[in-house]
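1. Got a predicted structure here, sequence first:
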Amino acid sequence: MTIASNLGFPRMGQHRELKKSLEAFWAGKITEPELQKTASDLRARAWNEQQARGIHHIPSNDFALYDQILDAAALVGVVPKRYKSLPDTGLSRYFAMARGHQSQGIDVPALEMTKWFDTNYHYLVPEIAEGETFALSSRKPMEHFQEANALGIKTRPVLIGPVSFLLLAKKDGAQLLRLLDNLLPVYEDILSQLGGAEWVQIDEPCLVLDLSNEARTAYQRAYERLAKVAVSPRKLIATYFGALGDNLDLACSLPVAGLHIDLVRAPEQLEAVANTLPKDRYLSAGVVDGRNIWRNDLDASLKQLQKIAAIRGTDKLIVAPSCSLLHSPVDLATETKLDAELKSWLAFATNKLDEVAVLAKALDAGHTDFPAFAESRNVIQSRAKSTRVNNPSVASRVKSLTGAMSKRQSAYPSRREAQLTLNLPSFPTTTIGSFPQTADVRSMRANYRSGKTDAKTYNTFVASQIQEAVKWQEEVGIDVLVHGEFERNDMVEYFGEQLDGFAFTENGWVQSYGSRCVKPPIIYGDVSRPKAMTVEWSAYAQSLTKLPMKGMLTGPVTILQWSFVRADQPRATTCQQIAFAIRDEVSDLEKAGLRIIQIDEPAIREGLPLRRSEWKAYLKWAVECFRISASSVQDSTQIHTHMCYSEFNDIIEAVGDMDADAVSIETSRSKMELLGAFADYKYPNEVGPGVYDIHSPRVPTEDEMVDLLRAAAKVLNPNQLWVNPDCGLKTRSWAEVKPALVSMVKAAHRVRAEL
Ligand code: GLN
Ligand code: ZN
């Protein structure tokens, strides 16, 4: 019988119960037992839900109070020295590692956080010390297995595999293989202690990455050794987010009972894996997309499964989501505002489990006489034909794309000449766009959205905020002003809500990190712009001053990257459609008299594919989309872009190809080090290296900023440089922002006089 399985379930709860409980606990409003009660209730609900939906292999230990990799570090005793002064009882050390700790004379920062592969989930990076000795230091996998057992549910505990764990950690120079030998005894111990489980799922997502020879050897050594554990559950190695590629033979040769592969991201590997994996192994086929929200094309998935069955039979076949459902919202049933048609196109975590279960049933039954198949067919057909999805004028516009559309009229040197009429001083000062989103601003917007405040009152309020911001910027002597983005909730949502082809959910929350969740917009159809989106406020702001006002837009790649994207056409095509919409907005801003327009692309780098061989193709279309959006304007109109991260070595050429007149970046923490990439590349256009770390409440001094600017002027030509903060100021308070920007302007004046 074909096995229906799951790799992981969302932990937050349908109504973000975990978030609320965590935050109440941190605020001292509830006790630890109360928090743990919420957590165990959520686990019980998830297990019952999965069982009720016909899942045979139900995961446990996929739950984490904060992060599963932090839990893995805690499991094997990887606790950096700085946390050891905190008591190991209760949760204080755990949350200190997650969030930092500042009280009772102890002041320790949190572990570093980084993106989990190419998802928007962030994990805490374990810090492994030079001579790290690992030791079994928590019983969570065993306890959660028992907890489910007590409810009558046999689960498949999930562990992060030893090799991925080490590859994803910060290793302080220590060698992977040496660490592995220290770590494996702990895994042996865990496996024997999980002896009561039939299966254990060992996640080794690093098998879809480019691996060094050392890493490949580590895989062989690790699993050969773990194969010798006398009493152990059967091991299923789980890979996801991409193809095994050149690691296919390696993965298929590991001495374990089963292998899970992602057939949504990498359907092309189906036959090779089905043929290569020894026939006595279980193959887990990830055919239901675990990280997007579209309803499955059940006929197509069934065909994939039948192909595998034809090669290997069905007695060792497992049907699964492509990856853990952690990356998917919980339940569609709580969406009350989506119209029925659109809703019928979607599947959240619980719906995905139904899809997995019915696929297993259909494969065994040899027919598709199940209501779910009929529904799936209807949906696929209705979507393919829907006029809400297909807008012929958008399609024809994308088709008419010519090379000239992604090129400015002249090369940068001529544009620079044409832009001299802006009359900017050297080291011009500006900010990245947003000003503090005060409680006032947020509550006004919330009231307006809920209908409590009428449009007139709201608009008057926004106008007054803009007036104040403009007046203040003039007073302190900033050269290029911004309107402050007071009308915007979120830099993607604000645009998505005004574009056709986007939908928004009420509860489509996905965990981003810890208690933080995001609600990505859904791009379901061809994207177009019914009318101008930002012109009114930007033109209003410009009318208040003689100084140049920057128009503020979010770029096409960032809008794409932070949304759930339709899967029925290439991402590049969807991105081009968004690019045209932004292009029209840019033209309208120019017509309205804005002479500087900033198109933010903070997400370009995070869109990089996991495999280096695919970077070039991605960067090509990503850069082209930015250029489509930026290139309709006159030479005299200055285009800025903004990216908030500090690693440019990998993508500096692409940044050059974007050909923005000026790019602002985050540099203050790295002390201008990253400018090296710009200098080595001989970046010809203008650069605004951030001199004010906006992620910290600290107000930088004038001297510090002068030093940073001097350092920048050493590696780049002084007349290329702008002076600005690292990023937007919306998370800061005016009490911090005002003195910081006053000092920033003074610093610019000093450097101007000096150089
Ligand atoms: N213009 C945006 C702001 O200032 C940019 C935000 C970002 O880069 N994430 O808020
Ligand atoms: Zn930024």
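-> That came in fine, so what should we check first? Ligands and ions are numbered 1, 2, ... in the order given.

2. any idea whether the residue most central in space within the chain is helix, strand or coil?
-> Residue closest to the mean C-alpha point of the chain, counted by C-alpha atoms, centre = their mean, is N120 at 1.9 Å. At N120 the chain is in coil, as set by DSSP: H, G, I helix; E, B strand; the rest coil.

3. For this protein, give the residue positioned nearest to ligand 2.
-> C644 (2.7 Å; C-beta to the ion). Yep, even glycine has a C-beta here, placed from its N, CA and C like the rest.

4. you'd agree that residue is up against P602?
-> Yes. Counting by C-beta atoms under 8 Å, P602 is a contact partner of C644 at 4.7 Å.

5. Could you check which of the two has the larger neighbour count?
-> Between C644 and P602, counting by other C-beta atoms under 10 Å, P602 is the more crowded of the two (23 against 19).

6. Model confidence score at the more buried one, please.
-> P602 is assigned 95 on the pLDDT scale.

7. again with R669
-> Per-residue pLDDT puts R669 at 78.

8. heads up, I number from 27, so please use that
-> That works, and once the first residue is 27, the last one we named lands at R695.

9. quick one on the thing from earlier: could you tell me which residues touch both of C670 and P628?
-> Jointly contacting C670 and P628 under the rule C-beta atoms under 8 Å, 6 or more residues apart in numbering are C753.

10. Can you report how many residues lie near the nearest residue to Q295 once chain neighbours are set aside?
-> Using C-beta to C-beta, 6 or more residues apart in numbering and skipping residues adjacent in sequence, the residue nearest Q295 is A269, 4.8 Å away. Counted with other C-beta under 10 Å, residues neighbouring A269 total 22.

11. so A269 sits right up against L289, yeah?
-> No. If you go by C-beta under 8 Å, A269 and L289 don't touch, sitting 9.6 Å apart.

12. Tell me who's in contact with the residue nearest to Q295.
-> 234, 288, 291-292, 294-295.

13. which of these are buried?
-> 234, 288, 291-292, 295 (16 or more other C-beta atoms under 10 Å).

14. and this structure, which residues reach ligand 1?
-> By the rule C-beta under 6 Å from any ligand atom, the part of the chain lying against ligand 1 is 458-460, 511, 517, 578, 626, 628, 668, 670, 753-754, 756.

15. want to throw those into TSV with secondary structure?
-> TSV is the format used below for the residues of the chain next to ligand 1 (three-state DSSP):
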residue	secondary structure
I458	coil
G459	coil
S460	strand
E511	coil
M517	coil
M578	strand
D626	strand
P628	coil
H668	strand
C670	coil
C753	coil
G754	coil
K756	coil
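
16. Identify, from those, the entry nearest to T571.
-> For the residues of the chain next to ligand 1, the residue nearest T571 by C-beta to C-beta is M578; the value is 15.2 Å.

17. tell me the contacts of G540?
-> 48, 92-93, 124-125.

18. from what I can see N416 touches S554, true?
-> No. The pair N416 / S554 is not scored as a contact, 11.5 Å apart, by C-beta under 8 Å.

19. of these two, who's got more company?
-> S554 (17 against 14).

20. Check the more buried one and give its pLDDT.
-> We note a pLDDT of 98 for S554 in this prediction.

21. Which single residue in the stretch 677-781 of the chain comes nearest to ligand 1?
-> G754 (2.0 Å; C-beta to the nearest ligand atom).

22. A298: neighbour count?
-> Number of residues near A298 (other C-beta under 10 Å) recorded here: 16.

23. Also G577?
-> With other C-beta under 10 Å as criterion, G577 counts 30.

24. so it, which of the three states?
-> Classification of G577 using three-state DSSP returns strand.

25. Identify the bridge partners of it.
-> Assessed by DSSP bridges, G577 has beta-bridge partners I623.

26. ok, so what distance separates it from D516?
-> According to C-beta to C-beta, to the nearest Å, G577 and D516 sit 18 Å apart.

27. so what's A359 closest to, chain neighbours aside?
-> T376 (7.8 Å).

28. actually R778, not the one I wrote
-> F453 (5.0 Å).

29. Please apply the same query to V226.
-> In space, V226 is closest to P259, 4.2 Å off (C-beta to C-beta, 6+ apart).

30. Could you report the neighbour count for the one you found?
-> Using other C-beta under 10 Å: P259 sits among 21 other residues.

31. I'd like the distance between it and N449.
-> Distance from P259 to N449, by C-beta to C-beta: 72 Å.

32. ditto for R307
-> According to C-beta to C-beta, R307 and N449 sit 71 Å apart.

33. all helices of the stretch 627-776 of the chain, in order?
-> Counting by DSSP state H, counting those that start in this stretch, the stretch 627-776 of the chain has helices at residues 641-656, 678-684, 701-707, 728-741, 760-780.

34. what ranges do the strands span in the stretch 377-526 of the chain?
-> Taking DSSP state E, counting those that start in this stretch as the criterion, the stretch 377-526 of the chain carries its strands at 526-529.

35. OK, now which residue of it is nearest to ligand 1?
-> Per C-beta to the nearest ligand atom, G459 is where the stretch 377-526 of the chain lies closest to ligand 1, at 2.8 Å.

36. What's the local residue count around that residue?
-> There are 25 residues near G459, going by other C-beta under 10 Å.

37. list the contacts for it?
-> G459 is in contact with 508, 510-511, 576, 578, 624, 626, 668, 754, counting by C-beta under 8 Å, 6+ apart.

38. follow-up on the earlier one: ok, and of the contacts of A269, which contact ligand 2?
-> Residues of the contacts of A269 in contact with ligand 2 (C-beta under 5 Å from the ion): none.

39. before we move on, what SS does G268 have?
-> Classified using three-state DSSP, G268 is coil.

40. thinking it is in contact with E294, fair?
-> No. The criterion here is C-beta under 8 Å, and G268 misses it with E294 at 11.0 Å.

41. coming back round to it: max pairwise distance over the contacts of A269: which two?
-> Once C-beta to C-beta is applied, these give V234 and E294 as the farthest pair, at 13.0 Å.

42. about what we covered before: and the contacts of G540, which of them are buried?
-> 48, 92-93, 124-125.

43. Write out the residues of the chain neighbouring ligand 2.
-> Taking C-beta under 5 Å from the ion as the contact definition, the chain meets ligand 2 at 628, 670, 753.

44. Provide a list of residues in contact with the second one.
-> Applying C-beta under 8 Å, 6+ apart, we find C670 in contact with 458, 628, 691-692, 752-753.

45. Lowest-confidence member of those residues, which is it?
-> E692 (91).

46. Excluding chain neighbours, what is closest to it?
-> D752 (4.2 Å).

47. so Y245 is in which element?
-> Using DSSP states H and E, Y245 sits within helix 239-252.

48. buried sites along that helix?
-> Across helix 239-252, burial judged by 16+ other C-beta under 10 Å covers 241-245, 247-249, 251-252.

49. got the CA coordinates for that helix in CSV?
-> C-alpha atoms of helix 239-252 as CSV (Å, rounded to 0.1, in the frame of the first residue of the first chain):
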residue,chain,number,x,y,z
ASN,A,239,34.5,16.7,-1.8
GLU,A,240,34.9,17.0,2.0
ALA,A,241,31.2,17.3,2.4
ARG,A,242,30.5,14.3,0.1
THR,A,243,32.9,12.2,2.1
ALA,A,244,31.2,13.4,5.3
TYR,A,245,27.9,12.2,4.0
GLN,A,246,29.3,8.7,3.3
ARG,A,247,31.1,8.5,6.6
ALA,A,248,28.1,9.7,8.6
TYR,A,249,25.5,7.3,7.2
GLU,A,250,27.8,4.3,7.1
ARG,A,251,28.4,4.8,10.7
LEU,A,252,24.8,5.5,11.6
